[in-house]
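[1] I would like to see how this sequence folds:
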Amino acid sequence: GEEAYIERYIFSADLDSGGKVNVDFTISNMGWGDGHGAARVRVKLPGHSKYRFSKKLGKGKWSADKKGFKLDIAKTTVHSVDGKTFHIKHNGKVKLDLVYKNIVPMWKPGRGQVDVKDGYYSFHLISPRAQVVGRVFMDGKWHNVRSTDRGYADHVATNIAPYDFAQNYARSRYYEGDLFVTWRNVKLSRRYGGGTYTWVMISYKDRVVFSDPRARLRLGKSRKDIRTGYKPPYAVQIDARQGKDHIKLIMRGTEVRKTNLLKTYSAAVKAVASAVSKPFRYEFPCTYALQMEIQGARALVRGKAHYTFDYVNWSFVDVSSRYR
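    Have a look, this model is predicted:
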């Protein structure tokens, strides 16, 4: 019932063919009225034009199962088959029929929730790494598609507006053979003490081999964007520990891509957010070096990836804090 309530499920798949599928479900009370449901679908198959679909519905025009996980919003559905398998369908100009089967089980950092005086921010990895099989109807015919091990899904819920809760949000995830690495960081706004919450998780093949819900994120080579005033970092370092195991991840940006997030908001949300926030996204394609000592084995992995910073609030206080 909170005015700022937002809940989002994001499913994505990097296809073996080189294409990509993204399906997002959002439930929110942001803007005018409560109980909105929205679906967004993006599909890219090699040799075909990109497909984009986005629709928002009012309360009572979409449905959710109260006993299990099932959403039906704007010709787009998702439901849990057995707690580790998810079936997604979309019936627009392009049609989707996809099954996500988890390779790595669902996971959350610590309790999976940051609690503050007025509410919470929770995060769960629904599918850290999944096999995706199915088909896509595009340009008059069905195409079989598959992602051997690069399906992904997560869930975020909060009852505080993003621009009130945090100064910025940062994240990265990438696959390197059997290795999957992901991390997130939330820098709270002045209103909530300015604390920093960072977690990191590493899986190998079908299991989580390392995680730290209290990791440390260091920023380097920050450069001021004269148009926005923000200082996004062109390098980041994460230090984390789990018992005797420990890792160090260094990522160095090779370029930056900037997006004005206000342009992606609906009219109602834009009217609210623009009065209090200047949300910009900075995406950094990067090189990385990951040093690991896990279960007595040492390894150094290098490669290419990317990380993202979403700046949504001007306040900034450097106060030490941790994800609980």
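
[2] make it CA atoms for all contacts and neighbour counts henceforth
    Will do.

[3] quick one: low-confidence parts of the chain?
    263-277, 314-324 (pLDDT under 70).

[4] remind me, longest strand of it?
    Under DSSP state E, the strand in the chain containing the largest number of residues is strand 119-138.

[5] so what's Arg8 bridging to?
    Note on Arg8: beta-bridge partners Thr26, Val156, judged by DSSP bridges.

[6] mind saving the C-alpha coords of the longest strand of the chain as PDB?
    Listed next in PDB are the C-alpha coordinates belonging to strand 119-138 (Å, rounded to 0.1, in the frame of the first residue of the first chain):
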ATOM      1  CA  GLY A 119      11.300   0.700   5.100                       C
ATOM      2  CA  TYR A 120      13.500  -1.700   3.200                       C
ATOM      3  CA  TYR A 121      15.300  -2.700   0.000                       C
ATOM      4  CA  SER A 122      15.400  -6.400  -0.800                       C
ATOM      5  CA  PHE A 123      17.200  -8.400  -3.500                       C
ATOM      6  CA  HIS A 124      17.200 -12.000  -4.600                       C
ATOM      7  CA  LEU A 125      18.800 -13.900  -7.400                       C
ATOM      8  CA  ILE A 126      16.000 -16.000  -8.900                       C
ATOM      9  CA  SER A 127      18.200 -17.600 -11.500                       C
ATOM     10  CA  PRO A 128      21.900 -16.800 -11.100                       C
ATOM     11  CA  ARG A 129      22.700 -19.100 -14.000                       C
ATOM     12  CA  ALA A 130      20.000 -20.900 -16.000                       C
ATOM     13  CA  GLN A 131      19.600 -23.000 -19.200                       C
ATOM     14  CA  VAL A 132      17.000 -21.400 -21.400                       C
ATOM     15  CA  VAL A 133      15.200 -23.300 -24.200                       C
ATOM     16  CA  GLY A 134      12.200 -22.400 -26.300                       C
ATOM     17  CA  ARG A 135      11.100 -20.600 -29.400                       C
ATOM     18  CA  VAL A 136      10.400 -17.100 -30.700                       C
ATOM     19  CA  PHE A 137       7.800 -16.200 -33.400                       C
ATOM     20  CA  MET A 138       9.300 -13.400 -35.500                       C
END
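
[7] list the buried ones in it?
    Buried residues in strand 119-138, counting neighbours by 16 or more other CA atoms under 10 Å, are found at 121-138.

[8] residue most distant from the centroid, the protein?
    Gly140 (32.0 Å; CA atoms, centre = their mean).

[9] that older thread, centre of the chain to the longest strand of the chain, how far?
    Distance of strand 119-138 from its chain centroid, counting by CA atoms, centre = their mean, to the nearest Å, is 10 Å.
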